[in-house]
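>>> okay, structure incoming, though there's no sequence with it:
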């Protein structure tokens, strides 16, 4: 419970503005008298008296506030004595009109000093220093913090790809606390008896008990107070202060939920199961930063080639590469949110140039799907595709390719699906598909292929799913349906 | 107390949310740096997703065949042979359990059981029961994933259809297509990512309204664009008479400059939407006539979709058009077919309705399959609720009606990411209650988003102080139907 004394103490930051204003006004009147040569001595005296009384009242309220223990004693000391000196000097200025100029000047100087220290107490040190203040750009958005996490990863990963070191508390939690909480809860000022600047203090909690229950964010005030409605008295940070971004709230939630560890974690990675940190890392960017996790899992039989490709992290194409293709109407998008692998779609391309296929070199490791549907692509132009070692699905329907192209595409080690409908491939040509290492599905509708050719291919590669587009409806017995309606 | 101006000046009203976004440099960089403005996955990036693993999208496109009015499950897919011997018997209270009925049949003296007058047969290698009203669909049943245990909370058309399309029974939320379009953008720059087709041949017993494909509180470029049959597929898209393309281009260029000025001053997100829409409309002046032109299609294609497919604006023609749009990588095609609200004369009405959609629907599946589109396109078929086992009004041997029934009904999905030749969920012998694997509307929506690679809990939009989702605060992924 708050005592009456404490309550009055809280008026200190309000009351101090009275003496500041009145005393400065008294000084201003003195200057006015001097310059304009008018007699306002009475007014000057009144101003100094009123200012002195107000200063005394502020000192009283300030003393009560200091008793609450929320403030660091040392910082309060300076403010307290300069404040009292200001009050005393202002009385002297009132009383000794003869030395008024000297005393008044000294009062104003002391007033400034006392005010500055008071300001530091309220707003935190460095509030007035120039250029040091955290700016918007250095916000702990994931866009900024992600590379840091990754950097550590790749350092370690260069030699031992299966070990990941993360220091979540130091790298992610501390910056948030520093930016949002330290101004009231650290060495200088410990509101509610709470400090958040070291592990021991966080564990200890404040006057009203602990703030952290490891593993349970809901029970940790460190987290739950952030979610209170903004007008709730207990909401943190208090009204008017910078509020945490949802990303920051999420980071705290995650940290507490995972046990609120204050230590560096070393974990052995099992590939294919992205760790939590990895998941956060790929979130904020459409393309993730590189991660040098190169340990490939042994591919179980049920896992498709595509999943195997995607389970190996790759460096996403940079923004300029994506923009380069965008300018040429080629849509390059990640195949999966946050994946480095991409698909390229030529659906918007109005004037196809063979050179565009050569340009795919820029994403040769990342490209898993390529859609060249309805473009006038010719056999010899497909040569550059053999560099696309991860190409998994290739759409060549309604292009001008022939059997010759099928010899070219044999090079692709990971091709699983090939769409050839509407092309001039023949029975002879498609027999080469039997030698494709991973091919699982092929579309052959509207080609020169006959059922004999398909039979031959099926015998050579029984696992291949062949869609020949020959499914036809059998006409239904219409008499039967109408019968019951009569 | 001294004021703390730590935070940049913000006005926390929805009208200014765009301005706030604009002021937010981080946000701005995030949206533009990758050069994939449209492919923003906008809100996915903004919201924290700890512990969420990215989902591999199976479906790149969706075509949603909406059977407005509530098609009966008894005459289509939910085969209930035991009812045959119960013609006219009263619906047991042990089945009904006092559940609410609509005002149309609540005061009926009795609730006599009406078995389907139409026979069922097993089809395909999976030996799935399909009604004789759907002879063509029966031939592709091995490609379908039937969900016989869908249920909704709404018992009347407007709230039920709004619930299905927007995740909430009251109007005002964005529709599924808008959410998808907002979340995933489009790979085709020349066509809208969300296109709506309404069949003209269906009886318009229950109305459709543009808000069903509205963008709600999302920026308006994500609303569905209706393509009509006839001379003007998209209203007001063509140049006015006597106005040539160059003039138009100049005018639009100048207008865009003015809009940008306005945008710089006010930062209203709707100005951005307007600019985007003008630019899209200009590109659509060439892309739309091209995609709407079916004259180059061979006869064999029209034969596949059935006789109606030559009649522009019919359900069959719209199915053909939907295929053309999907071929162009349009993200979401929403196709409506009305007239399934059979309170009376159901046998006659169902026969007519099924005939209108049966061949074209099956034809669409075959056409998508042979073109290789079915592997990354999701096809959805279904209405807003099912119908009752008892007859509304007089029950005769060959004539009866059925009232609205939200507790169970059948939908199907086909194509990307779902099991084929599969039935999920089960209803009781009266198809009145679900006995196994219930699928709520929100579950269906969550699953649809999942198939497109989106976690339904992550795709949010902040509006009026709250982050909204398609599935509100509900929805579970239906894992059982994923392939």
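Received, thanks. Since the structure is predicted, the reported quantities are computational estimates derived from the model, not experimental observations.
>>> C-alpha from now on. contacts and neighbour counts both.
Fine.
>>> buried residues in the strand or helix carrying residue A:355?
According to DSSP states H and E, residue A:355 maps onto helix A:354-359. By 16 or more other CA atoms under 10 Å in any protein chain shown, the buried positions in helix A:354-359 come out as A:357-358.
>>> roughly how far is it from the heart of the chain?
Relative to its chain's centre, helix A:354-359 lies at 36 Å (CA atoms, centre = their mean, to the nearest Å).
>>> ok, stretch A:424-431 next?
On the basis of CA atoms, centre = their mean, stretch A:424-431 is displaced by 52 Å from the centre of the chain it belongs to.
>>> now do the helix holding residue A:355, average pLDDT.
Throughout helix A:354-359, pLDDT has a mean value of 92.
>>> what's the answer for stretch A:460-468, then?
Regarding stretch A:460-468, the rounded mean pLDDT is 92.
>>> and that stretch, what's buried?
For stretch A:460-468, by 16+ other CA under 10 Å, it's A:461, A:464, A:466-468.
>>> just stretch A:42-59 next, same as before
Using 16+ other CA under 10 Å as the test for burial, stretch A:42-59 gives A:44-45, A:47-59.
>>> just checking, what packs against the helix holding residue A:355?
Packing partners of helix A:354-359 (3 or more CA pairs under 8 Å, 6 or more residues apart in numbering or on different chains; DSSP states H and E): none among the helices and strands.
>>> circling back to that earlier point, list just the nearest of the buried residues of stretch A:42-59 to chain B.
residue A:58 (13.4 Å; CA to the nearest CA).
>>> the closest one reaches residue A:9, doesn't it?
No - counting by CA atoms under 8 Å, residue A:58 does not reach residue A:9; the two are 9.1 Å apart.
>>> what's the least confident helix or strand in the chain, going by average pLDDT?
Unless you meant another one, I'm taking chain A. helix A:276-282 (a mean of 36; mean pLDDT, DSSP states H and E).
>>> chain B was what I was after
The least trusted helix or strand in chain B, going by mean pLDDT, DSSP H and E, turns out to be helix B:42-46, with a mean of 35.
>>> can you name the element that comes right after that one?
Past helix B:42-46, the next helix or strand by DSSP H and E is strand B:61-67.
>>> burial of residue A:251, as a residue count?
Neighbourhood size, residue A:251 [other CA atoms under 10 Å in any protein chain shown]: 23.
>>> again, but for residue A:227
Taking other CA under 10 Å as the criterion, the count of residues near residue A:227 is 15.
>>> next up, the contacts around the residue most central in space within chain B.
Geometric centre of chain B, nearest residue: residue B:64, 4.4 Å, by CA atoms, centre = their mean. Applying CA atoms under 8 Å, 6 or more residues apart in numbering or on different chains, we find residue B:64 in contact with B:332-335, B:379-381.
>>> ok, those vs chain A, which is closest?
Nearest member of these to chain A, counting by CA to the nearest CA, is residue B:332, at 16.1 Å.
>>> beta partners for that closest one?
Residue B:332 has these beta-bridge partners by DSSP bridges: residue B:62, residue B:194.
>>> I figured it hits residue B:192, correct?
No - when contacts are counted by CA under 8 Å, residue B:332 is not listed as touching residue B:192 (9.1 Å).
>>> what pLDDT does the nearest residue to residue B:90 once chain neighbours are set aside get?
Nearest residue to residue B:90 in three dimensions, chain neighbours excluded: residue B:112, at 4.5 Å (CA to CA, 6 or more residues apart in numbering or on different chains). What the model reports for residue B:112 is a pLDDT of 94.
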